[in-house]
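In: only the shape, not the letters, is given here:
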Ligand SMILES: *Cc1c(COP(=O)(O)O)cnc(C)c1O
């Protein structure tokens, strides 16, 4: 192979046009990767003592090495201080009281989603938070009852939307406006979404969809969708499960009204790890009066300075914190905070830059297989319309190919009916792994 130039220069001049299908080239990209040390901060999964290639961060992110110590620290606080752990600081343990544990991740979350610290809070799990926020922000009026979404969104989101429509005494068939891909297409056209908002503008109470679609890996232009909704005074929310820690987010500037996400995918908080919510500042004044903005209130959302007076009459904390309901799960929070701080330390702009390269390299290496019709990449080729993940449809024996891939030590995931999802993540995956995955796929698809 030709050495283009010194490693740092390789990174700078790299564009898909300069990619080379060569393992040494891939390794050179790794040497030039300014984020390469982050991989060492994760436990890489193994099978029979052999490291696996893990391209499944879209489903469950890996364990940061710092997580165990963070949980151990809270276990030590519980062991020694017990209930005093909520309020006391021990000079030897150097603990932060649990009472304000939800504040420890605010700076990182604000960076990751592009919000202010008052606009974000970690709490509960994703679908629970979706219900909490729909209670507040789906407020149908006589004329405006509809919710615009996409067809085939994640099942939990569909169930949650239907539940809220029924709870308001309305019929999901009449109220849910689902924008579908065009005939013979699997991904959506932005113009179709924007046109649908225009068409239904007078009946829409809410626009709500995933920021990145779980199956196709398509990333939507959230800024454009929010702008269009706002032009018609329609509230807009996003499910960021596959977007957070994956694609650039600027929720505050975009004027998104609310959003929610899980942190066990690209943010590595551990299986079933905490969710987070975003509530735009523009709602904070109104939401201080629960007769303006309804919510499913609980004592942990009550004004923190007076919570333990234990009086009636709900007085919410200001901002996203007011949507908290229950006592925070401290051990999960410890894992969550460690993980989101790791992502924030790497920095979303850096992660995104590497991610675009990793995914473009995978796409490049699969070119001959797609040209031969052996597989189809259904994820948009435009980097602006995708994150890490590529969703592959294998022409024949899809499920068998996926199982052989797993046997060869490559962990992706299978989504019914016929899709292999591969997500090279910029925090802990390498260009060399991308090369190995493509090489293995080539051998599997061209064998026999
Ligand atoms: C992963 C995912 C969920 C999962 O919801 P939980 O409440 O965390 O189980 C929901 N919606 C989308 C779009 C997802 O990708």
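Out: Alright, I've got the coordinates. Note that the structure is a prediction, hence the values are computed from the model and not measured.
In: pretty sure residue 411 is in contact with residue 45, am I right?
Out: Yes - with contact defined as Cβ atoms under 8 Å, residue 411 reaches residue 45; the gap is 7.1 Å. All C-beta atoms are positioned from the backbone trio N, CA, C, and that covers glycine.
In: so what sits against both of these two?
Out: Residues within reach of residue 411 and of residue 45 at once, by Cβ atoms under 8 Å, 6 or more residues apart in numbering, are 52, 54.
In: more neighbours: which of those two?
Out: Using other Cβ atoms under 10 Å, the more surrounded residue of residue 411 and residue 45 is residue 411, with 17 against 14.
In: tell me what the more buried one is bridged to.
Out: residue 54 (DSSP bridges).
In: residues in contact with residue 306?
Out: residue 315.
In: confidence score at it?
Out: Residue 306 is assigned a pLDDT of 88 by the prediction.
In: need phi/psi at it.
Out: Main-chain dihedrals, residue 306, degrees, to the nearest 10: phi -120, psi 10.
In: measure it to residue 280 for me?
Out: 25 Å (Cβ to Cβ, to the nearest Å).
In: find the nearest non-adjacent residue to residue 393, please.
Out: Leaving aside its chain neighbours, residue 393 sits nearest to residue 376 (4.5 Å; criterion: Cβ to Cβ, 6 or more residues apart in numbering).
In: swap in residue 221?
Out: Closest to residue 221 by Cβ to Cβ, 6+ apart is residue 190, at 5.3 Å.
In: equivalent analysis for residue 424, please.
Out: Residue 424 sits nearest to residue 358 (Cβ to Cβ, 6+ apart), 4.2 Å away.
In: can you get me a residue count around that neighbour?
Out: 23.
In: that one and residue 429 touch, don't they?
Out: Yes - using Cβ under 8 Å, residue 358 is in contact with residue 429, at 6.3 Å.
In: return the residues in contact with the residue of the stretch 251-400 of the chain found nearest the ligand.
Out: In the stretch 251-400 of the chain, the residue that lies nearest the ligand is residue 262 (4.2 Å; Cβ to the nearest ligand atom). Shown in contact with residue 262 (Cβ under 8 Å, 6+ apart): 125, 126, 241, 244, 273, 275.
In: let's have the residues you listed in JSON lines, adding secondary structure, pLDDT and neighbour count.
Out: Formatted as JSON lines, the contacts of residue 262 follow (DSSP: H, G, I helix; E, B strand; the rest coil; pLDDT from 0 to 100; neighbours: other Cβ atoms under 10 Å):
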{"residue": "125", "secondary structure": "coil", "pLDDT": "97", "neighbour count": "18"}
{"residue": "126", "secondary structure": "helix", "pLDDT": "98", "neighbour count": "25"}
{"residue": "241", "secondary structure": "coil", "pLDDT": "98", "neighbour count": "26"}
{"residue": "244", "secondary structure": "coil", "pLDDT": "98", "neighbour count": "30"}
{"residue": "273", "secondary structure": "coil", "pLDDT": "97", "neighbour count": "24"}
{"residue": "275", "secondary structure": "strand", "pLDDT": "98", "neighbour count": "26"}
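In: what helix or strand does residue 422 sit in?
Out: strand 419-422 (DSSP states H and E).
In: which other helices and strands contact that strand?
Out: strand 390-394, helix 398-407, strand 413-415 (3 or more Cβ pairs under 8 Å, 6 or more residues apart in numbering; DSSP states H and E).
In: hmm, who's touching the shortest one?
Out: Applying Cβ under 8 Å, 6+ apart, the set of residues contacting strand 413-415 from outside is 56, 58, 59, 214, 215, 391, 399, 402, 420, 421.
In: quick one, which of the residues you listed are buried?
Out: The neighbour count (16 or more other Cβ atoms under 10 Å) marks 56, 58, 59, 214, 215, 391, 402, 420, 421 as buried among these.
In: hmm, the second one is touching residue 388, no?
Out: Yes - with contact defined as Cβ under 8 Å, residue 58 reaches residue 388; the gap is 6.7 Å.
In: picking up where we left off before, gap between the closest residue in space to the residue of the stretch 251-400 of the chain closest to the ligand that isn't next to it in sequence and residue 309?
Out: Leaving out its chain neighbours, the residue that sits closest to residue 262 by Cβ to Cβ, 6+ apart is residue 126, at 4.2 Å. Between residue 126 and residue 309 the distance is 32 Å, computed by Cβ to Cβ.
In: need the contact list for residue 267.
Out: Counting by Cβ under 8 Å, 6+ apart, residue 267 has contacts 61, 112, 244, 245, 261, 273, 336, 339, 340, 343.
In: how about the last one, what does it touch?
Out: It refers to residue 343. 108, 112, 245, 266, 267, 268, 351, 427.
In: next, the first one: secondary structure please.
Out: Classification of residue 108 by DSSP: H, G, I helix; E, B strand; the rest coil places it in helix.
In: what about it, distance to the ligand?
Out: Note on residue 108: its distance to the ligand, by Cβ to the nearest ligand atom, to the nearest Å, is 19 Å.
In: the closest residue to that residue other than its chain neighbours sits in which helix or strand?
Out: Using Cβ to Cβ, 6+ apart and skipping the chain neighbours, the partner closest in space to residue 108 is residue 344 (3.7 Å). Take DSSP H and E as the rule and residue 344 turns out to sit in helix 330-346.
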